[in-house]
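return a 3D structure for these sequence lines:
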Amino acid sequence: MAAYWIAHVEVTDPDAYAEYASRATGAIEAHGGEFLARATRTIWLEGNERERNVVVRFPSVEDAQACYHSEAYQEALSYARDAANRDLCIIEGS
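Numbering: from 1, shown residues only. Just a heads-up that it's a prediction; the model follows:
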């Protein structure tokens, strides 16, 4: 069953976050991740609004978790840690 990363992001350092995004893309794709929505128009109906929202589909929850914990993604993530406030979860779906 497919799984999805859903990220809500407030970027605080655009240059460092851009570096994260460019490095993370390869790590995500290497684990079968496919971007479905990336920094597109968002209409907030409830909750805490964030300017950047991303949805990535993976083949399985295990692939999504393996990507997050991979050396390549963790290296990319080091650029985002001080460059954004983020919420990220994995949701299993169809």
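
those helices in the chain, which residues are they?
14-30, 61-69, 71-80 (DSSP state H).

can you put the ones you listed in a markdown table and add mean neighbour count and mean pLDDT?
The way it works is simple: take the backbone N, C-alpha and C, and place the C-beta from them, glycine included. As requested, the helices of the chain are exported to a markdown table (neighbours: other C-beta atoms under 10 Å; pLDDT from 0 to 100):
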| stretch | mean neighbour count | mean pLDDT |
| --- | --- | --- |
| helix 14-30 | 16 | 96 |
| helix 61-69 | 16 | 98 |
| helix 71-80 | 16 | 96 |
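
can you put these in a markdown table and add distance to residue 53?
Converted to a markdown table, the helices of the chain look like this (distance: least, C-beta to C-beta, whole Å):
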| stretch | distance to residue 53 |
| --- | --- |
| helix 14-30 | 13 |
| helix 61-69 | 17 |
| helix 71-80 | 15 |
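
what's the closest of those to residue 92?
When the helices of the chain are compared by C-beta to C-beta, helix 61-69 sits nearest residue 92, at 5.3 Å.

and that closest one, how far from the chain's centre?
12 Å (C-alpha atoms, centre = their mean, to the nearest Å).

now do stretch 61-80
Between the centre of stretch 61-80 and the centre of its host chain there is 9 Å, according to C-alpha atoms, centre = their mean.

and that stretch, end to end?
Here the two ends of stretch 61-80 are set 23 Å apart, with distance taken as C-alpha to C-alpha, to the nearest Å.

all further residue positions should be reported with the first residue as 59.
Sure, I'll start counting at 59 from here, so that last one is stretch 119-138.

need the residues that contact it.
59, 61-63, 74-75, 77-78, 81-82, 84-86, 88-91, 114, 116, 144, 146, 148, 150 (C-beta atoms under 8 Å, 6 or more residues apart in numbering).

this completes my enquiry, with thanks.
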